[in-house]
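Q: here is a sequence together with a model predicted from it:
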Amino acid sequence: MSTIQVKDEQGVRIITINRPEKRNALSLEMYTNLTEYLIQGESDNAIYCFLIKGQQDCFTSGNDVADFLKNSNLDSKHPAFNFLFHLLDLKKPIVAAVTGAAVGIGTTLLLHCDLVYADNTAKFQLPFVNLALVPEAGASLLLPQLVGPQKAAELLLLGESFDAQTAKTLNIINDVIPSETIFDFALAQAVKLAKQPPLALQASRALMRSNKELVRQQMKDELAQFSIRLKSDEARTRFEAFLKK
Ligand SMILES: C/C=C/C(=O)SCCNC(=O)CCNC(=O)[C@H](O)C(C)(C)COP(=O)(O)OP(=O)(O)OC[C@H]1O[C@@H](n2cnc3c(N)ncnc32)[C@H](O)[C@@H]1OP(=O)(O)O
């Protein structure tokens, strides 16, 4: 079974993260596949929108922590960061359906999505500092803009988990949807987007993201810090502690 599954339906490219035994932790190969599916979908004239989801009990636990230990050399071509830069440059809209854990990049990628739905099992967390790292995906810029600097400091510097209701109050997600219907609901919303006039949809989306170059620069600055921190003793100690647990 592939760890990233893809299915095209009613003009929507549905991307499902599928590595349940590791709580959908994202390996290098999974990032590469995610990026390929985004690139293919962008150039496919029959695709108008993306939907990203995980399993019913887990969205993604974020970057594979074991990979952090094995591959500590980072640049913009690293599969995780390459994926994030492609996400930034996407023209077609993205819907996300979050169920269970959405940790690290599992939460920050949502800041690049257009419509985000979660169920009551969703648990968001940004444990970058806890892992002796720094935020990525432009979260150090986008999150303070979205939730205010004090709340962003609480989420990013303390790195505690928060639930779907909190995420809704903070405007990180659009709505909380019952677990039984969340995937159908998210698909229906994606199909609605797919039926909009595509050029107007994409042009409007681009206008709403007029700070894109600022976000790109922030992502480059984050990457520079991230790669320094990733090699630090304090980070390696945290990764080893998690893996030994
Ligand atoms: C550029 C991007 C950066 C980032 O994304 S930074 C964030 C990195 N992610 C994390 O730090 C999250 C680590 N995972 C967790 O905190 C917990 O897991 C969860 C809260 C997500 C779920 O907890 P529970 O339901 O108790 O599951 P469990 O027993 O901890 O994990 C089950 C198996 O999955 C493996 N696993 C979970 N998350 C990861 C991960 N992120 N990287 C590698 N492995 C992971 C475990 O080790 C274990 O495996 P075994 O059954 O072999 O012992």
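A: Right, received. Where do you want to start?
Q: find the closest residue to the ligand in the protein.
A: As assessed by Cβ to the nearest ligand atom, the ligand sits closest to residue 104 within the chain, at 2.2 Å. All C-beta atoms are positioned from the backbone trio N, CA, C, and that covers glycine.
Q: for that residue, list the residues it contacts.
A: Going by Cβ atoms under 8 Å, 6 or more residues apart in numbering, residue 104 touches 61, 62, 63, 125, 126, 127, 128.
Q: repeat for residue 69
A: Residue 69 neighbours (Cβ under 8 Å, 6+ apart): 236, 239, 240, 243.
Q: I figured residue 230 hits residue 67, correct?
A: No: taking Cβ atoms under 8 Å as the definition, residue 230 is not a contact partner of residue 67, at 10.5 Å.
Q: number of residues surrounding residue 243?
A: Neighbour count of residue 243, defined by other Cβ atoms under 10 Å: 11.
Q: begin at 56 from now on, thanks
A: All set: I'll call the first residue 56, so the last point we hit is now residue 298.
Q: give me the subset of the contacts of residue 124 that also touch the ligand.
A: Residues of the contacts of residue 124 in contact with the ligand (Cβ under 6 Å from any ligand atom): none.
Q: now these in CSV, with secondary structure?
A: Listed next are those as CSV, based on DSSP: H, G, I helix; E, B strand; the rest coil:
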residue, secondary structure
291, helix
294, helix
295, helix
298, helix
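Q: so which bits of the lowest-mean-pLDDT helix or strand in the chain are buried?
A: Across the helices and strands of the chain, mean confidence by mean pLDDT, DSSP states H and E is lowest for helix 120-125: a mean of 94. Buried residues in helix 120-125, defined by neighbour count with 16 or more other Cβ atoms under 10 Å: 120, 122, 123.
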